[in-house]
Structure formats: structure tokens, C-alpha cells
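Q: Sequence below, structure please.
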Amino acid sequence: ICAIFHAWKQFYKLFPGMENSADQRETFFTQDQNLEIADVGRFKDGFAIQKFKNIDVNGNPGSDTVGDFVDIDFPVFRLSDAYLMYAEATVRGAAAGDLNIAEGYINQLRERAYGDTSGNITASDIDLDFILDERARELHWETHRRQDLIRFGKFTTGKVWAWKGNVQSGTTTAPFRDLLPIPAQEVNLNPNLIQNPGY
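A: This next block holds a predicted model:
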């Protein structure tokens with residue numbers, strides 16, 4: 001969550017005055033919340049995410065009326081993700097890629113998010129940093145951020161957010177953290193497994 005919020009703050013730096021923008025993807029719950037996270041265990045520290053609700057398309061509550069468990073479908077693959085993949089592949093040099101097509105795809109997402117063309121971009125705005133930030137805005141809370149940061153080479157040393165590296169202000173971490181450790185139980189059960197370096 002902290003990394004996602006960091007991406008939104010970076011977005012605001014690129015477009016001053018957009019703290020109250022029309023981008024409907026800003027689904028942070030901020031009422032009575034502190035922006036900074038002094039205690040990761042205190043709910044009022046940091047902004048909460050309200051991207052998903054336990055209601056169906058008609059507004060009916062989910063099967064657990066108490067509200068302890070949600071039964072929404074979790075999006076795994078979305079057209080938005082495919083559009084952003086196309087833009088990224090194009091910027092990374094895909095032979096069949098076309099920045100004008102990528103611009104059209106991204107603007108479809110932004111027109112949905114803004115409700116009009118006021119958030120549209122041009123092909124010249126599209127670079128890897130823009131795509132990484134746009135993926136954070138579009139796909140937040142959908143379990144893409146860690147792998148995105150790793151793929152863009154920014155997970156361990158390129159980005160810092162609150163409590164990264166178990167430090168309140170955040171710190172860079174060792175590159176071996178790009179890989180997760182193999183659970184000790186699995187290593188113990190299978191002598192052919194070798195623990196990832198650093199763990």
C-alpha cells in the first residue's frame with residue numbers, strides 16, 4: 001500500500017494542483033486518517049484503500065451479511081493490464097509496437113477514470129516512468145506492484161516508501177530481496193532445493 005501511495009504522490013509532483021484531481025482511481029479513504037505512518041499497526045496511520053466493496057453489480061450485499069468475509073471476484077487479468085502491457089512493450093522496443101496505439105489505449109483508461117478527456121496524454125508523455133506510475137494508479141490493490149517494481153529495477157534500490165526495510169522513513173534494501181525465500185519447510189522436505197541467496 002505504501003508503494004502505491006508513493007506512486008500517487010509522485011503523480012501529484014508531475015501535475016501540480018491535482019491533489020483533488022478528477023481521476024476516479026484515487027480510491028483512498030482519508031477521513032480522519034494521518035498521511036504519514038508512524039505505527040504500521042494503527043489503522044488511522046496512513047490512507048486505507050477502498051477499491052473493492054462486498055456488493056454485487058446491483059448494489060446487493062455479499063453472502064456474509066456480517067461483513068467479515070468478501071465474496072467478490074478478484075480481477076486477475078484485465079483489459080487495462082493488457083493495454084498497459086502493450087504500452088510497456090512498445091517503449092521497451094517491441095518491433096510491432098506503435099506509440100500512437102499505446103496512447104489510444106492509455107487514454108481509454110484515463111477517459112474512464114476522469115469521465116472525460118481532461119486527463120488524456122500524448123505519445124510523447126509515454127516512457128517507462130510514466131507507465132510504472134500509471135500501472136500503480138490503474139492496478140492498485142491487484143497484487144501487481146511488487147513484480148512491477150522488480151521488472152522496472154526499482155524494488156530494492158529505486159524506490160523508498162514508509163516502512164520499507166522496517167524503517168519508518170523507508171530505506172533501500174539488498175538486491176537479493178527481489179526474490180522471496182523458499183519456505184524452510186519446503187527446503188527441509190526436498191534436498192534438491194537450494195535456498196535463494198541471502199536467506
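Q: Can you give me the buried ones in the helix or strand containing Ile106?
A: In this assignment (DSSP states H and E), Ile106 forms part of helix 99-114. For helix 99-114, the neighbour count (16 or more other Cβ atoms under 10 Å) marks Ala102, Glu103, Tyr105, Ile106, Asn107, Leu109, Arg110, Ala113, Tyr114 as buried. The way it works is simple: take the backbone N, C-alpha and C, and place the C-beta from them, glycine included.
Q: same thing with stretch 65-82?
A: So stretch 65-82, judged by 16+ other Cβ under 10 Å, has buried residues Ser80, Asp81.
Q: So which residues of the chain form strands?
A: With DSSP state E as the criterion, the chain has strands at 28-29, 48-49.
Q: Make CSV out of those strands and add distance to Val91 and mean neighbour count.
A: As requested, those are arranged in CSV below (distance: least, Cβ to Cβ, whole Å; neighbours: other Cβ atoms under 10 Å):
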stretch, distance to Val91, mean neighbour count
strand 28-29, 28, 14
strand 48-49, 28, 14
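Q: Next one: the closest residue to Asp81 other than its chain neighbours from Leu180, what distance?
A: Leaving aside its chain neighbours, Asp81 sits nearest to Leu139 (6.3 Å; criterion: Cβ to Cβ, 6 or more residues apart in numbering). Taking Cβ to Cβ, to the nearest Å as the measure, Leu139 falls 20 Å from Leu180.
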